[in-house]
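[1] I would like to see how this sequence folds:
(one chain, ligands or ions: 1)
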Amino acid sequence: MGIKILGCGMYLPPKTVTNEDFERIVNTSDEWIIKRTGIKKRHVSQGEYTFSMGLKAAVEALNNAKVSPKDLDLVIFTTVTADFYFPSMSNVVQGKLGAENAYGIDIACACAGFVYALDMAQKYIDADDGVQNVLIISSENITKTVDYTDRSTCVLFGDGAGAVVVTKGNSKAYAHLGADGTGCELLYAHLYPSANFFAEPGELSANYAAFPQGKGRYMYMNGPRVYEFAVSKMVYSLKKACEKAKISVDELDVIIPHQANVRIIDTVVKKLGLNKDKVYVNIKDHGNISSACIPVCLAELFSKGALKPGFKVCLVGFGAGIIYGAIVFTL
Ligand code: ACO
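    Residues are numbered from 1 along each chain as shown. As a prediction, this is how the structure comes out:
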């Protein structure tokens, strides 16, 4: 019972936006952004679909894994920025890849999506019901939800995709997943109101009656409150996942946290007494790519040869909801 990672891929749109670019559109500075977030630049999609970025990462992951699309049994797609109400992103990619023997599931677990997807992949594989090879894709066009007049959110996010091919293996992954829905109003982006000809002003209307702090269709975030949640839930879920895996936090070889803010990561490192060298951080170059952060980190680490067989890895994330989770496994 367990999983094995066969290969990873990633895709980042070519356009990069620097802190200096933000200095020209909002009242901010490179110094403030670096000091408060750790971000220097981010990749921004210029009209690319979420599914097409995911597809590019998926093709690279399949090539690295040496797995044909026809050998896939399941495609899991994580995103908070799907291109369509329907069809699902996983179905679109399944069709484009020619993964004719696979079915698809989309999950919207905010920035923690990849952690949830990996746990789900293992559960489908362990069910021994015909699922052996799973392609997980996390792709985000998060900048399309961003209000570029709100300096406290617009500087934080970037776009891109990561993908991982997982198969049946010997390493059991131990996950601790959790949610605290009392935090829903701290971070959200509304769907469009109904265009139904018969609609009356109501809850789903331009008044955005539910969670009205936000400005229409754009992301609203209470940064300081999200920050507090993030630190406490990442610390808690990482400890819980290690407990389930029956290892101490010190025994982890690599820790990949969600890349939302370098200060959140530094505080988690401090609270858990982690060796900083074991914690992978790439936020400087990519910003926060929501659920794509963790698989992009995995793809970068694999391509650098920094992930060796036998390494104990922990992925830990949190996101809007508030939702959180950590998963521990051996490579
Ligand atoms: N440039 C300059 N000043 C700014 C900027 C900016 N880009 N953004 C905010 N400020 C100002 C504020 O207006 C405020 O000014 P004031 O004191 O005059 O009112 C001051 O800086 C301090 O604002 P805070 O919000 O208290 O700043 P903080 O140090 O908390 O940093 C930040 C804000 C970066 C958003 C931080 O709270 C944070 O990272 N929170 C967590 C965010 C996060 O993790 N989001 C994503 C999570 S889930 C997901 O990934 C989708």
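
[2] residues near the residue lying closest to residue 216 once chain neighbours are set aside, how many?
    Nearest residue to residue 216 in three dimensions, chain neighbours excluded: residue 208, at 6.4 Å (C-beta to C-beta, 6 or more residues apart in numbering). (Each C-beta comes from the backbone N, C-alpha and C, glycine too.) Number of residues near residue 208 (other C-beta atoms under 10 Å) recorded here: 18.

[3] show me the residues around the residue in the stretch 101-250 of the chain positioned nearest to the ligand that make contact.
    Nearest residue of the stretch 101-250 of the chain to the ligand (C-beta to the nearest ligand atom) works out as residue 223 at 2.8 Å. By C-beta atoms under 8 Å, 6 or more residues apart in numbering, the contact set of residue 223 is 152, 153.

[4] where does residue 178 sit: helix, strand or coil?
    strand (DSSP: H, G, I helix; E, B strand; the rest coil).

[5] related to what we said a few turns ago, distance check, the residue of the stretch 101-250 of the chain closest to the ligand against residue 186.
    Distance of residue 223 to residue 186, given as C-beta to C-beta, to the nearest Å: 9 Å.

[6] also residue 156?
    14 Å.

[7] same check on residue 41?
    Residue 41 is 27 Å from residue 186, where distance means C-beta to C-beta.

[8] when the two are compared, which one has more neighbours?
    Using other C-beta under 10 Å, the more surrounded residue of residue 41 and residue 186 is residue 186, with 22 against 18.

[9] name all residues that make contact with that one.
    Taking C-beta under 8 Å, 6+ apart as the test, what residue 186 contacts is 221, 222, 225, 226, 229, 320, 322.

[10] filter these down to the ones in helices?
    225, 226, 229 (DSSP state H).

[11] list the contacts of residue 317.
    By C-beta under 8 Å, 6+ apart, the residues touching residue 317 are 111-115, 234, 257-258, 291, 293-294, 324-326.

[12] among those residues, which ones are in strands?
    257, 324, 325, 326 (DSSP state E).

[13] just put the residues you listed in CSV and tack on pLDDT.
    Listed next are the ones in strands among the contacts of residue 317 as CSV, based on pLDDT from 0 to 100:
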residue, pLDDT
257, 98
324, 98
325, 98
326, 98
